[in-house]
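Trainee: pasting the sequence and the predicted coordinates here, then a few questions.
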Amino acid sequence: DFVELSNRTFVSFDENKWEWARKIRELKTGHALLRLVDDSNLYQVNVERFAPLYLKRSIPEIQKYHPAIYDNYLKFVEKNFENELFCTAEEIDKAAQLRLQSVINPRISIGRVEPKDTDDPFA
């Protein structure tokens, strides 16, 4: 008895990487891949959402059932927007529109270039 090999397919590193990336993107909510230190195996595990106390609730529920926490949340957001690194969505949209308009309608200025009075061709 013998076993005959009729076909063998080799996959490049990049192809293998893209295949793994596709598998990871297709994981459903609640599923994850786990790799442990000093263990070359990769495990697919189920993950249960853990949200203690008021974190289980939506923003409207927090506003209704925990008004003090909601007020602190609003103060935190307001403090963030006072920082120069943060801006409102309206400011971002306005800046995007200005950039888009500068690309669509560029400012073109036509002027005359005066020749230099020099004999050096590389000046």
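Mentor: Alright, I've got the coordinates.

Trainee: for Ala32, see how far away the spatially most central residue of the chain is.
Mentor: Taking CA atoms, centre = their mean, the centroid of the chain lies closest to Arg25, which sits 14.1 Å from it. Separation of Arg25 from Ala32 (CB to CB, to the nearest Å): 13 Å. In short, each C-beta sits where N, CA and C put it, glycine included.

Trainee: again with Thr9
Mentor: Distance, Thr9 to Ala32, by CB to CB: 29 Å.

Trainee: higher neighbour count, those two?
Mentor: Remark: of Thr9 and Ala32, Ala32 carries more neighbours, 12 against 4, as counted by other CB atoms under 10 Å.

Trainee: where does this structure have low pLDDT?
Mentor: Residue ranges of the chain with pLDDT under 70: 121-123.

Trainee: all helices of it, in order?
Mentor: Assigned by DSSP state H, the helices in the chain fall at 13-25, 59-65, 67-82, 89-104.

Trainee: could you dump the ones you listed to JSON lines with distance to Val3?
Mentor: Converted to JSON lines, the helices of the chain look like this (distance: least, CB to CB, whole Å):
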{"stretch": "helix 13-25", "distance to Val3": "26"}
{"stretch": "helix 59-65", "distance to Val3": "63"}
{"stretch": "helix 67-82", "distance to Val3": "66"}
{"stretch": "helix 89-104", "distance to Val3": "63"}
